[in-house]
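Undergrad: Sharing a model prediction with you, sequence too.
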Amino acid sequence: MSEEIDSAQRVAIGISFGNSYSSIAFTTSEGKAEVIANEEGDRQIPSILSYVDGEELQGTQAKAQFVRNAKNTVAYFRDFLGQEFKSIDPTPCHQSAHPVQHESTIAFKIRDTAEEAENTITVSEITTRHLKRLKNSASEYLGKKVNAAVITVPTNFSDAQKTALSKAAKEAGIEVLQFINEPVAAVLAYDARPEAKLADKIILVADLGGTRSDVAVIASRGGIYTILATVHDYEVSGFKLDQVLMDHFAKEYMKKHKSGGDPRENDRSSAKLKLESEAVKKALSIGTSANFSVESLANGLDFTATINRTRYDLLASKHFAAYARLVTHAVEKAQLDPLDISEIILAGGNSHTPKVASALRSAFPDSTTILAPSTSPTSINPSELSVRGAAIQASLIQRFELEDIEQSTHPMVTVTPHLSHAVGVLCISGEESSGVFHAIVDAETPLPVRRSAIIATPREGGDVLIKLCEGAGHIKVTKPEPKPKKEKEEKDSDDDDESEEEEEELREKTWKVGKVLAEAALKGVKKGAKVEVQISISASLDVNCIFREVGGKGGVRGLLAGPKLVQNGSA
Amino acid sequence: MAAVQIALPLPVLPEGWSGERDFKAIEHLSHATDRNIEPVGPHFLAHARRKRHKRTFSEDDRIQAQVNVKKVEDDDSGEISEPEDPLMLQREAKDWKGQDHYAVLGLSKYRYRATEDQIKRAHRKKVLKHHPDKKAAAGGTEDDQFFKCIQKATEILLDPAKRRQYDSVDEGANVEPPTKKETQKGNFYKLWGKVFDSEARFSKVQPVPKLGNENSTKAEVEHFYNFWYNFDSWRSFEYLDEDVPDDNENRDQKRHVERKNQNARRKKKTEDTARLRKLVDDALALDERIRKFKQQEHAQRNKKRLDKEAEQKRLAEEAAKTKEEEARLKAEKEAAEKAEKLESKKAKEAAKNAAKKNKRVVRGSVKEANYFHSAGDVPAAQIDFALNDVDLIITKVDNEELAALTSKLSSKKDPGEIKQIFQEEVKRLVGAGKLKEGETKSLSA
């Protein structure tokens, strides 16, 4: 499979390749992304390979080998790819094959053949084998040979890591069409739903995985995404939650069997404990109580126990608070306020935990939608978000030539000027003297952009003045007063029907009017008519605006030159 | 993106406001920040398209719309592009067995690959063109022969069973195998690939393995030929049957024809199987890869032996080399010894000569010293004594001592001094125990 695949014969899937789990998805002819279950029926395939007498096991079967065959089981290797030995953290591999330095890369010493001798298998080779298995599962499911993929990577994946992954994929017979960032894939998965409406919003994606947690703040402007800030944390992770349960059950066990000894001190018992703890954690995300049961946990003694969700929430409360802190930290890093965040997308396996969602719920205002299984019934399975996004992207670009894709993802195209302030018009509210700013184009919108707005006119019609100005977001902190507050402007631009039912709040987002950019007069507007304002801002910050009465002829046009050349113009 | 709806009213134009054409620019926008947008999603693709082709929003909208429209047109006009052969247009409908149904419908480049949809659409187009009513309207004759041909072709091609029968004998889809000469020019894979692709249509098992190229592995090639030697064909030859007479004819005659047809079919099928087998044989015989694999296998088997032989050869060479080296060293050594011998012989001779000379000098010096006689003429006995003594001394000293003695004596003329030197020499010799006291009588005094 060395020759380049013709774009017409390409069968592309989306692959989400994580440290703990991987998944594969494709897009149906109706444009819906569907996650593929492998031969064992798993949609979340553990990224683990295990070798038993020369036979390769992958996924859930390989995971079970943690107990019996830990030394020949390779797990949590994604982050090692393309790295140097000195810069990796081998902690997650404590219970499986340990990474060792091999030339300039990282390898594992395992017995992958029927012979006794240990072989040194590089991480890139392991990845190739893993991807090959994923590819075969997908090919079998689709009945067509899969030969290309869009793969999701964390936002801090370096170019060297991408190159290494791309090489490993090529070895596995997969042509990587594009690498896309995991959080963006999650946003894409939500935006690709047929009921999704295109809106300007700021989305926070919290990806809570097994070995690491990543948070990204993304501005979505007319379907174009810009990452404003990212936070990565290797401490706040799903493993910590497993650890809480492991500790809990180990203590329970020791209480019950005084002579049993600590199951955590024995490798095999500890592996059993860990596997079952993970299962209990998953069960607690669905039900309110779960059974822990391991045969022959340590010293040949069986152990069964029950835990309810409240208990678990209490035990792990420290970690849930850490999640909330991590997310708030990301918002701060983007120099935004929780009020600016219109949506939080929870991705990754641990987002199933209801307490994580509720911890975030209390950290953010009500105006923020939290998309997690426990808070929103329409949410997409958090474990499948990034793979769905990848599948959608794959279906979008699979007919393109590789060169085309390369050119389109080149910095020449992706680096774009973004508006530093919102641009909008001044309207009047109650009193005529003071204007109220209404954004038409939000801040952080990539240029060029074209937007239009329809604005009401005074009841009696006549001549109107349109003031185009810049606005800056401002958080107003007010004490509760009986006087009704102004509505939050951010919401206005998103909602089609404006309503005055905003409740009183201590903190609210208002607009501060910045400098006035231009004024225009529209004369003789009919009674009850509306005015349409269309603004196009070019990449060089030239503003082209058209003001006209809806359904009317003519109208006023104006050109506002960019900062370098200031001149008036009209057409 | 949908327009933003703002319900709050705009302010009324204040008195005295004026601007050029009702527009007044006041300030320019604040500077923008450069950020990376994520290359993901349909809206980004639109953005990339605009940016790469430097289009504005409205231009891009228009071009995209045009592109979409064009696609539909292309799809529609695809199949009718085939020109119609004037000879074909004159065909009689009753000769339908001999007609090329695909050509009639303008599908000769698709043939067995044509989909049902394509056939339907091709039929519709042909009907629109060749309908007898249309021809009549155009003032032509009421010639509906070709129209009937079209109908017959459609009838056959849209019935899967009939189509299969026709495809079995469709000459137009056959690809003649290349001759040996053609193949040997070097494009085996291209020429034979086409042949096998065309034969593959008869396979009950799909997909059929491809011929591949010179880089195919042994397993692939073996699989390919195994497949073709066990080829399971659905090809049948009912289409070429002779027409069975109507019912009202002789029953025996009818049965006879039927039997004849059966036999003909069987015969043709056998012939076809034999033909295919020969074709595969030919291909196999010409296939370079088979030879290559055999050679490789052979090489593999012989590798050990060859390795061993090479090892032996190497060892033998090494041994010869060392032998040669030894011989050379020996020769050198011998030459050196010979030279040394010669040298020492020379030296000995020289030493001998020197000793002779020294002896002469010493004897001479005795004469100089007047045979150790005090003065006057020397008696003969004294001469004898002195000469004997000196000879004795000479025999007792070795060459070096002789040389030393000679050098001491050489410049001396005075008989006393010479005598003294001799006496000293005698004393030294006596001291060394070589000479006994009083043995040299002439020198004792």
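TA: Thanks, I have it.
Undergrad: Taking chain A, what residue is nearest to chain B?
TA: Residue of chain A nearest chain B, by Cβ to the nearest Cβ: A:Gly223 (3.0 Å). Placement of C-beta: from N, CA and C, glycine included.
Undergrad: and the nearest residue to that residue once chain neighbours are set aside, what is it in contact with?
TA: Counting by Cβ to Cβ, 6 or more residues apart in numbering or on different chains, A:Gly223 lies nearest to B:His43, which is 3.0 Å off, once chain neighbours are set aside. Going by Cβ atoms under 8 Å, 6 or more residues apart in numbering or on different chains, B:His43 touches A:198, A:222-224.
Undergrad: show me what contacts the residue of chain A closest to chain B?
TA: By Cβ under 8 Å, 6+ apart, A:Gly223 lies in contact with A:191, A:198, B:1, B:41-44.
Undergrad: and which of those is nearest A:His98?
TA: Using Cβ to Cβ, B:Gly41 is the member of these that lies nearest A:His98, at 40.3 Å.
Undergrad: quick one: which helix or strand includes the residue lying closest to B:Val104 once chain neighbours are set aside?
TA: In space, and not counting its chain neighbours, B:Val104 is closest to B:Ala153: 4.3 Å by Cβ to Cβ, 6+ apart. Using DSSP states H and E, B:Ala153 falls within helix B:145-158.
Undergrad: ok, back up a step: okay, the residue nearest to A:Gly223: pLDDT?
TA: Looking at B:His43, its pLDDT stands at 84.
Undergrad: how many other residues sit next to the nearest residue to A:Thr105 once chain neighbours are set aside?
TA: Closest residue in space to A:Thr105, ignoring its immediate chain neighbours: A:Thr122 at 5.4 Å, by Cβ to Cβ, 6+ apart. Other residues near A:Thr122 number 18, with proximity taken as other Cβ atoms under 10 Å in any protein chain shown.
Undergrad: in chain B, which helix or strand is least confident?
TA: Ranking every helix and strand in chain B by mean pLDDT, DSSP states H and E puts helix B:441-444 at the bottom, with a mean of 64.
Undergrad: so the nearest residue to A:Ser408 once chain neighbours are set aside is in which element?
TA: In space, and not counting its chain neighbours, A:Ser408 is closest to B:Ala48: 4.0 Å by Cβ to Cβ, 6+ apart. Here B:Ala48, judged by DSSP H and E, is contained in helix B:42-52.
Undergrad: from memory B:Ile150 sits against B:Lys126, does it?
TA: Yes: B:Ile150 lies in contact with B:Lys126 (Cβ atoms under 8 Å); the separation is 4.9 Å.
Undergrad: Buried ones in the helix holding B:Ala153, by neighbour count?
TA: Neighbour-count burial for helix B:145-158, counted by 16 or more other Cβ atoms under 10 Å in any protein chain shown, picks out B:146-154, B:156-157.
Undergrad: Please apply the same query to stretch B:222-237.
TA: Of the residues in stretch B:222-237, those buried (16+ other Cβ under 10 Å) are B:224-225, B:227-228, B:231, B:235-237.
Undergrad: Report the separation between the two terminal residues of it.
TA: Distance across stretch B:222-237, first residue to last, is 30 Å (Cα to Cα, to the nearest Å).
Undergrad: how distant is the helix or strand where A:Glu470 lies from the center of its chain?
TA: If you go by DSSP H and E, A:Glu470 is part of strand A:462-477. Between the centre of strand A:462-477 and the centre of its chain there are 33 Å (Cα atoms, centre = their mean, to the nearest Å).
Undergrad: coming back round to it: quick check: neighbours shared by B:Ile150 and B:Lys126?
TA: Contacts common to B:Ile150 and B:Lys126, judged by Cβ under 8 Å, 6+ apart, are B:104-105.
Undergrad: Which stretches in the stretch 1-150 of chain B count as strands?
TA: For the stretch 1-150 of chain B, applying DSSP state E, counting those that start in this stretch gives strands covering B:4-9, B:23-25, B:33-36.
Undergrad: I'd like those strands laid out as JSON lines, including mean pLDDT.
TA: Output for those, formatted as JSON lines (pLDDT from 0 to 100):
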{"stretch": "strand B:4-9", "mean pLDDT": "77"}
{"stretch": "strand B:23-25", "mean pLDDT": "77"}
{"stretch": "strand B:33-36", "mean pLDDT": "83"}
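Undergrad: Please identify the most buried of those.
TA: Highest mean neighbour count among those (mean count of other Cβ atoms under 10 Å in any protein chain shown): strand B:23-25, with a mean of 21.
Undergrad: tell me what that one is packed against?
TA: Secondary-structure packing of strand B:23-25 (3 or more Cβ pairs under 8 Å, 6 or more residues apart in numbering or on different chains; DSSP states H and E): strand A:507-525, strand A:556-560, strand A:568-569.
Undergrad: Quick one: closest of those to B:Asn187.
TA: Nearest of the helices and strands packed on strand B:23-25 (Cβ to Cβ): strand A:556-560, 63.9 Å.
Undergrad: For burial, what's the neighbour tally of the closest residue to chain A within the stretch 201-350 of chain B?
TA: Residue of the stretch 201-350 of chain B nearest chain A, by Cβ to the nearest Cβ: B:Asn215 (9.3 Å). Using other Cβ under 10 Å, B:Asn215 is surrounded by 8 other residues.
Undergrad: Appreciated, that's everything.
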